[in-house]
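In: I'll drop the sequence and a predicted model, then ask my questions.
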Amino acid sequence: MKKVAIVGAGIIGLYTAFELQKKGFEVVVFEKEDIKKVGKKSCSTLVSKRILNFIDIENNLIENTINKCLIKFNKKEVVLEFNPAHIVINREKLILKMIKEAPFEIIFNSKKTSFEEFDYVVGADGANSLIRKSLGLNDPKFKIGLKVEKKIKDHTNITKTFKTKDGFTWIIPKGDYVEYGILEKKENLEKEWNRFNKKGENMSFALVPQGLILSKSDKYVLVGDSTGLTKPWSGGGIIWQLYEAKILIDNFPDFKKYNREVKRFFCYKIIKGRITNKLVHFIGNNLSFLIPSKIKYDNDFPNFLKSLFASIFKK
C-alpha cells in the first residue's frame with residue numbers, strides 16, 4: 001500500500017485525505033498547529049452551497065444563509081442574487097468534526113520536514129506553504145484579509161461590499177454576530193480600514209494568495225491555498241480549491257496530468273475573472289446606468305456579461 005503524507009489539516013487537506021484513504025492509500029496528516037488552534041483562520045467562511053457536493057455539513061454548523069450581495073458603487077447600488085445561495089459555515093467546528101471522524105492518523109504540533117518514508121507528499125499547508133518553499137517555488141502575490149466580529153444578532157440574507165483602492169470591504173450577517181472585513185494590498189490596508197471605520201472584537205489577519213503555482217515534482221504536489229488558487233474578484237478559495245482537490249484525487253498519483261487538468265480548468269477563469277473584475281468596477285463607477293439594480297449571479301463560476309444582458313432584457 002502506497003503511503004501518502006498530507007501536510008495541513010484544513011478543509012482542503014482533510015477532504016483530500018478522506019478521498020485518498022477511500023482510494024486505498026495509507027494516509028497520514030501532519031499539522032503544525034495544536035488542535036486547539038486548527039480552524040481559527042482569519043478569512044470568512046461564506047461559501048456557496050456547492051460545498052455540499054463535496055462535504056457533508058450538518059445544519060448545526062451553518063450559521064446563516066445568504067442569498068444576495070449588495071455592491072455599492074459611487075452612484076449606484078446593485079444587488080447580486082446568488083445562484084446557488086451561500087451559507088455561512090462555522091469553520092472551526094467543521095474542521096474539528098472532520099478531525100473527529102478521520103479514519104487516518106493526524107499528527108498535531110508537527111515540525112516534520114523530511115518525508116523519505118512516504119511515497120507521495122501533498123502540500124495543503126496554506127498560503128505561506130512550507131512545502132512550496134522547500135520545493136524552491138516562488139510565492140504567489142498576496143493581499144491581506146482582516147476581520148473583526150461584533151455581537152449583533154442578524155439573520156438577514158444579504159451581505160454588503162464596498163470597493164476600496166485595490167480590494168473591498170464586507171459586512172456579513174452570521175446569525176449571532178456580524179463580521180466586518182477587508183481584503184486589500186498590504187500598503188493600502190491601514191488607510192482603507194480606517195475609512196471603513198468598523199469596530200469589533202477578535203481582530204485577525206490572513207494572507208490571501210492571488211495566483212496559481214504548481215509543483216513539477218513526481219513525489220510532491222500542492223493543493224489549496226498553497227497553490228495560490230483563489231477567485232480574483234473575491235479572494236474566496238474553498239469552492240475552487242475543492243474542485244482542484246477533486247482533480248488531484250481523480251488523477252492521483254499522476255501529478256503531470258493533475259497539473260494539466262488544473263491549468264485547463266482554472267487559467268482561463270482566472271484571466272477572465274481579473275479582466276471582468278476591472279471592467280465591472282469601471283462600469284459601476286463611471287457608467288452605472290448600464291447596470292440593472294438586480295442581477296442573478298453565480299459567484300463561483302460567473303459569466304457577468306451574460307448575467308448582465310439577461311437582467312437587462314428581462315426588464
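Out: Looks like it came in fine.

In: drop to CA atoms for contacts and neighbour counts, all remaining ones
Out: Will do.

In: now do the lengthiest strand in the chain: which elements does it pack against?
Out: Scanning the chain for the longest strand, with DSSP state E as the assignment, gives strand 77-89. Secondary-structure packing of strand 77-89 (3 or more Cα pairs under 8 Å, 6 or more residues apart in numbering; DSSP states H and E): strand 46-48, strand 62-72, strand 294-297.

In: pLDDT of the last one, averaged?
Out: Averaging the model's pLDDT scores along strand 294-297 yields 90.

In: same question, the longest one
Out: Confidence over strand 62-72 (mean pLDDT, whole number) is 96.

In: what's the angle between that strand and strand 77-89?
Out: Put simply, strand 62-72 runs at 160 degrees to strand 77-89, going by axes from the mean of the first three to the mean of the last three Cα atoms, to 10 degrees.

In: neighbouring strands of the longest strand of the chain in the sheet, and parallel or not?
Out: Under the criterion DSSP bridges, strand 77-89 sits next to strand 46-48 (antiparallel), strand 62-72 (antiparallel), strand 294-297 (parallel) in its sheet.

In: the chain: strands as residue ranges?
Out: 3-7, 26-30, 46-48, 62-72, 77-89, 105-107, 120-123, 141-150, 158-163, 168-173, 178-184, 201-210, 220-222, 294-297.

In: which of the ones you listed sits most buried?
Out: Mean neighbour count (mean count of other Cα atoms under 10 Å) peaks for strand 220-222 among the strands of the chain, with a mean of 26.

In: contacting residues around that one?
Out: Residues outside strand 220-222 that contact it (Cα atoms under 8 Å, 6 or more residues apart in numbering): 120-124, 131-132, 214-215, 255.

In: list the beta-bridge partners for the residue nearest to Ser293 when sequence neighbours are not counted.
Out: Spatial nearest neighbour of Ser293, excluding adjacent residues (Cα to Cα, 6 or more residues apart in numbering): Val78 at 4.6 Å. Counting by DSSP bridges, Val78 is bridged to Ile71.
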